[in-house]
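Chemist: have a look; sequence and predicted model below, questions after that.
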Amino acid sequence: SAPGGAISAEEILALRRAGWSDGVIGSDEAEALFELNDRIADGTNEWSDFFVEAIAEFLINGAEPRGFVSDAHAAWLIERIDRNGRIDGMSELELVIRTLEKATNVPQALKDYALVRIEEVVLTGEGPTRHGGLLERGNVTAAEARLLRRVLFAQAGDRPAAISRSEAELLFRIKDATLDAVNAPEWKQLFVQGVGNYLMAHSSYEPLSSDKAADLERFMADTTPNLARFAARMARANVGSGVRAVFGRKGLVADRAAQANEARAVTGDERAWLDGQIDANHHIDDYDTALLDFLAEEIGSAPVTR
């Protein structure tokens with residue numbers, strides 16, 4: 001394709017066949033696809049789908065252990081996007097979000113980068129999104145709220161299955177920056193649910209690091225006789241009573257329930273944080289009121305611990 005040109009469905013099919021001819025997307029191929037994406041001014045949905053799928057495959061499964069974005073791949077993605085100074089177009093934005101959604105875990109630098117860029121896109125972006133709806137400067141549209149929700153609750157996000165403090169602070173910054181704008185109802189819902197999730201959520205899930213995942217893969221791949229004999233002995237042994245004594249269902253459920261109830265109570269530190277976030281714009285606005293009402297209803301008379 002020439003600079004400023006388009007790319008046809010036939011050309012995309014040819015790229016797909018060439019790129020996956022050996023079942024692997026390599027670094028040279030990933031770089032070439034980014035170069036091509038930079039040159040395409042009028043990318044189609046077919047091109048965006050192919051570009052995102054191919055680069056995400058390179059990032060997530062291009063190094064061992066598979067499923068984990070390496071430090072080198074994360075640094076490459078950040079540098080590659082930043083050559084233009086910002087996320088350039090919906091394909092790059094969709095790539096960042098899809099990588100967080102599909103990867104088991106990514107380096108913290110990429111999580112932090114994703115939050116910075118999605119905030120920039122929501123506050124300053126303009127134009128159509130990949131899945132319908134518009135980006136609008138100065139307010140939060142329904143499409144932008146959907147993008148934010150995907151990033152905040154992505155599998156490899158800052159706090160998997162829950163909202164982290166940095167993510168909750170991002171929600172407050174966007175709220176204050178767009179307070180007087182005409183925002184979509186979905187934005188207020190996300191703000192309340194997101195900050196409420198940070199303050200009350202209990203999540204015992206901790207994603208494996210890439211080093212631990214690699215160790216696990218090596219262990220599972222170890223078929224030496226000693227390990228095989230050990231596995232066979234364990235299979236024949238009557239260890240059920242011991243396992244049940246340690247990991248009994250009643251004890252486990254009770255422990256999880258206690259942890260969840262403790263998490264629902266807003267701590268003194270969380271209360272001080274919330275006061276600081278609400279005071280940042282020097283008054284309690286409609287969004288703050290909706291959040292406080294939600295917390296009062298959900299927590300009820302749960303004590304504030306110190």
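Modeler: That came in fine, so what should we check first?
Chemist: I figured I97 hits A114, correct?
Modeler: Yes: contact status for I97 versus A114: in contact at 7.5 Å, counting by C-beta atoms under 8 Å. To be clear about C-beta, it is placed using only N, CA and C from the backbone, and glycine gets the same treatment.
Chemist: give me the common contacts of those two.
Modeler: Residues touching both I97 and A114 (C-beta atoms under 8 Å, 6 or more residues apart in numbering): V151.
Chemist: show me where pLDDT drops low in the stretch 201-306 of the chain?
Modeler: 202-265, 300-306 (pLDDT under 70).
Chemist: excluding sequence neighbours, find me the nearest residue to P128.
Modeler: L134 (5.9 Å; C-beta to C-beta, 6 or more residues apart in numbering).
Chemist: for L274, same thing?
Modeler: Closest residue to L274 apart from its sequence neighbours, by C-beta to C-beta, 6+ apart: L199 at 6.8 Å.
Chemist: what of Q277?
Modeler: F172 (4.6 Å).
Chemist: the one you found touches G194, doesn't it?
Modeler: No: with contact defined as C-beta under 8 Å, F172 does not count as touching G194 (9.7 Å).
Chemist: related to what we said a few turns ago, figure out how far the helix or strand containing the residue nearest to L274 is from the centre of its chain.
Modeler: Following DSSP states H and E, one finds L199 within helix 185-200. When distances are taken as C-alpha atoms, centre = their mean, to the nearest Å, helix 185-200 is centred 16 Å away from the chain's centroid.
Chemist: can you check stretch 65-85 too?
Modeler: Averaging C-alpha positions (C-alpha atoms, centre = their mean) puts stretch 65-85 15 Å from its chain's average.
Chemist: and that stretch, what's its mean pLDDT?
Modeler: Averaged across stretch 65-85, pLDDT comes to 92.
Chemist: which residues touch that stretch?
Modeler: Residues from elsewhere that reach stretch 65-85 (C-beta under 8 Å, 6+ apart): 27, 30-31, 34, 38, 55, 58-63, 87-88, 92, 95-96, 99, 103-107, 109-110, 113, 117, 156, 208, 210, 213-214, 216-217.
Chemist: how about the helices in the stretch 1-150 of the chain?
Modeler: Under the criterion DSSP state H, counting those that start in this stretch, the stretch 1-150 of the chain contains helices at 9-19, 27-39, 45-61, 71-82, 90-102, 108-124, 142-152.
Chemist: and the fifth one with helix 71-82, angle?
Modeler: Comparing the axes of helix 90-102 and helix 71-82 via axes from the mean of the first three to the mean of the last three C-alpha atoms, to 10 degrees yields an angle of 160 degrees.
Chemist: got it, and the last one?
Modeler: Helix 142-152 and helix 71-82 are oriented at 160 degrees to each other (the same axes, to 10 degrees).
Chemist: mind checking the pLDDT average for helix 142-152?
Modeler: 93.
Chemist: distance from the chain centre to it, please.
Modeler: That offset, for helix 142-152, works out to 11 Å (C-alpha atoms, centre = their mean).
Chemist: name the residues of that helix that are buried.
Modeler: Across helix 142-152, burial judged by 16 or more other C-beta atoms under 10 Å covers 143-152.
Chemist: surely A114 touches V151?
Modeler: Yes: here A114 reaches V151: they are 6.0 Å apart, a contact under C-beta under 8 Å.
Chemist: who touches both of these two?
Modeler: In terms of C-beta under 8 Å, 6+ apart, A114 and V151 are both contacted by the residues 97, 100, 157.
Chemist: quick check: the last one vs K102, distance?
Modeler: To K102, G157 is 12 Å away according to C-beta to C-beta, to the nearest Å.
Chemist: in terms of neighbours, single out the busier of these two.
Modeler: A direct count of neighbours by other C-beta atoms under 10 Å for G157 and K102 places G157 higher, at 25 against 19.
Chemist: quick one: the more buried one is in a strand?
Modeler: No: G157 sits outside any strand when classified using DSSP: H, G, I helix; E, B strand; the rest coil, being coil.
Chemist: against Q108, how distant is A74?
Modeler: Relative to Q108, A74 is positioned 9 Å away (C-beta to C-beta).
Chemist: still on that earlier bit, what about the residue nearest to Q277, which SS state?
Modeler: Three-state assignment for F172 (three-state DSSP): helix.
Chemist: contacting residues for it?
Modeler: By C-beta under 8 Å, 6+ apart, the neighbours of F172 are 195, 277, 280.
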